[in-house]
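Just to be clear, the model below is a prediction. Sequence and coordinates:
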There are 2 protein chains.
Amino acid sequence: MSQIPENKVLDKMESLLNVASDFTRLKILYSISGEEKSVSDIVKEVGASQSLVSHQIKVLKKANLVISRKEGTRVFYQLADDHIVQLLSVVYDHVTE
Amino acid sequence: MSQIPENKVLDKMESLLNVASDFTRLKILYSISGEEKSVSDIVKEVGASQSLVSHQIKVLKKANLVISRKEGTRVFYQLADDHIVQLLSVVYDHVTE
DNA sequence: GACATATATGAACGTCCTTTCATATTTAAC
DNA sequence: GTTAAATATGAAAGGACGTTCATATATGTC
């Protein structure tokens, strides 16, 4: 550390942190962290409106944090990789110590 | 993981991520990650206005991410602990891989 | 084709936040 | 006490963002 990364990197860091820093999106990420879930499953588990969940999933997808799989009328989402789990873990530990 | 934390924890996580998700504040955190620095030093290194740096330091301080020490007319800031370094590392790795 | 279910989308509203500008406060030096 | 340097603060502007509501699209079933 101790050296400030270049703006390009900082911009990406800012974006990632920004996407993660939302109550609803955090819930969605946790919801699908164990196994893939359909949108309606996520809606039930998160307790937000279908519209809101759909909007926020779009944000997560644009940031490449989740990937999707279509099956009939349903769409299943899961985490794109394990980096997000690490990120959430570090943040979780920080606030619960 | 796989279980959604309670709202209280999620709120704190959201707050921490929010504070971290700003270009100027990221620069400030990196600036003082190696050693404590005065505000004017930070201003030079970060390349933002004195007012903006001061405002953002206030945000960081309110979130308990930095601590301060006064010496004459100058105020020196340093990271409150190493959790932030971990957080920045995880995010950095994610965006630079 | 008509209907139901699952998901996505667009517009609109209110609110929060970053940044700038001007100014206040504090401390030291003379 | 006046001046200068360092830092903090308040107001204001502008844009970004989360949420809701209404509606569209897509797939499956009859």
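The structure has been received and is ready for your questions.

alpha carbons only for contacts and neighbour counts from here, please
OK.

Find the residue at the geometric middle of chain A.
residue A:29 (4.1 Å; Cα atoms, centre = their mean).

quick one: the strands in chain A?
Ranges of strands within chain A are A:37-38, A:66-71, A:74-79, based on DSSP state E.

circling back to that earlier point, next one, pLDDT for the residue nearest to the centre of chain A please.
In this model, residue A:29 is scored at 98, pLDDT.

Hmm, residue A:79 and it touching each other?
Yes. Under the criterion of Cα atoms under 8 Å, residue A:29 makes contact with residue A:79 at 7.2 Å.

and DNA strand D, which of the strands of chain A is closest to it?
strand A:66-71 (6.6 Å; Cα to the nearest atom of the strand).

could you give me the average pLDDT of stretch A:66-85?
Mean per-residue pLDDT for stretch A:66-85: 96.

what about it, near chain B?
Yes. Residues of stretch A:66-85 contacting chain B under Cα under 8 Å from any Cα of the partner chain: A:83, A:85.

Stretch A:53-60 now?
No. Stretch A:53-60 does not reach chain B (Cα under 8 Å from any Cα); its nearest approach is 14.7 Å.

Could you list the buried residues of that stretch?
A:53, A:54, A:56, A:57, A:59, A:60 (16 or more other Cα atoms under 10 Å in any protein chain shown).

burial count for residue A:27?
Residue A:27 has 24 neighbouring residues, counting by other Cα atoms under 10 Å in any protein chain shown.

Was I right to think it contacts residue B:4?
Yes. If you go by Cα under 8 Å, residue A:27 and residue B:4 touch, sitting 6.2 Å apart.

ok and the residue in chain A nearest DNA strand D?
Here chain A gets closest to DNA strand D at one residue, residue A:72, 3.5 Å apart by Cα to the nearest atom of the strand.

Looking at the buried residues of stretch A:53-60, which one is closest to DNA strand C?
Proximity of those to DNA strand C (Cα to the nearest atom of the strand) peaks at residue A:54, which lies at 4.4 Å.

what's the spacing between the closest one and residue A:31?
14 Å (Cα to Cα, to the nearest Å).

ok, how many other residues are close to residue A:8?
Neighbour count of residue A:8, defined by other Cα under 10 Å: 10.

what does chain A put close to chain B?
A:1-4, A:9-18, A:20-23, A:26-27, A:30-35, A:83, A:85-87, A:90-92, A:94-96.
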